[in-house]
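**Student:** sharing a model that was predicted from the sequence below.
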Amino acid sequence: MTEVRQKMIVANWKMNGAFDMAYSLLEEVLDGTRNLDRVDIVICPPYVYLHYVAQLIAANPRVSLGAQNCSEHSAGAYTGEVSSSMLKDAGCKYVICGHSERRQYHAETDAEVARKTVATIEQHLAPITCVGETLEERQSGKTRMVVERQIDAVLERCGRELIDQVTFAYEPVWAIGTGRSATPDEAQDVHRIIRTRIGGLSERAAASCKILYGGSVTGDNAAAVLSQADVDGCLVGGASLKSAQFIEICKAAV
């Protein structure tokens, strides 16, 4: 399952931002990464800034737009929801599905995340589908069981026909926003589990699939994590709001 996979760094701004902030942050990020041709960069702002960010990055083909969530439904009476077709209209190329904060705070189930993943693909967008265990689950030795269960829901829904279009992100819940991060070896162990599980359905998809690490990624730990064989990039939260930090992470991916 060895294949050269170009690294990807995804900025998840979460529920942070303002028009002025987006302008100044992206100006610095675009300038600081202008010579980094061997890394895919994705910016995921809140919904209300999608169109604005799309305009700011329009002249930079190496930087893509992503959304932080989408509805599993294509249209209808779902007040407050945003469909994948709307995200495509806004200029998105990627959609984060099943972020740990969506699972934890909004009770998104494995099945719902799988449906969102397929809804994204149906609009010719690329899902970044997240999996990961809580601290209690890790301490109880359930990491493999939890991650495989979450992966299996996506594999079953996508099948061989669609699974090669999914980018996965391992983000241990215990590392999100806590300042704690999985060690490079811990990240690699779970990434290997994910790739092996995908390989049970399609070896070709397992070889080509990007698997990102998310969970308190900073400029200090990014290089060590990215050096692991099955780590193909990072899903960056808080550090993506600091231009110097995010630029450092992008440079570590080259």
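**Tutor:** Structure's in. What do you need? Residues are numbered from 1 along each chain as shown.
**Student:** where do the strands of the chain begin and end?
**Tutor:** Listed in chain order, the strands of the chain (DSSP state E) span residues 7-12, 39-44, 63-67, 94-97, 126-131, 167-170, 211-214, 233-236.
**Student:** for the closest residue to residue 54 other than its chain neighbours, give me the pLDDT.
**Tutor:** Leaving out its chain neighbours, the residue that sits closest to residue 54 by CB to CB, 6 or more residues apart in numbering is residue 91, at 3.5 Å. Just so you know, the C-beta spots here come from the backbone N, C-alpha and C atoms, and that holds for glycine as well. Per-residue confidence for residue 91 comes out at a pLDDT of 97.
**Student:** what's near enough to touch the closest residue to residue 215 other than its chain neighbours?
**Tutor:** Nearest residue to residue 215 in three dimensions, chain neighbours excluded: residue 175, at 3.0 Å (CB to CB, 6+ apart). Neighbouring residues of residue 175 by CB atoms under 8 Å, 6 or more residues apart in numbering: 181-182, 214-216.
**Student:** and the helices in the stretch 151-254 of the chain?
**Tutor:** Per DSSP state H, counting those that start in this stretch, the stretch 151-254 of the chain carries helices over the ranges 184-199, 203-208, 222-226, 243-252.
**Student:** can you give me the buried ones in the worst-scoring helix or strand of the chain on mean pLDDT?
**Tutor:** Within the chain, confidence by mean pLDDT, DSSP states H and E is lowest for helix 135-139 among all helices and strands, at a mean of 91. With burial defined by 16 or more other CB atoms under 10 Å, the residues of helix 135-139 counted as buried are 137-138.
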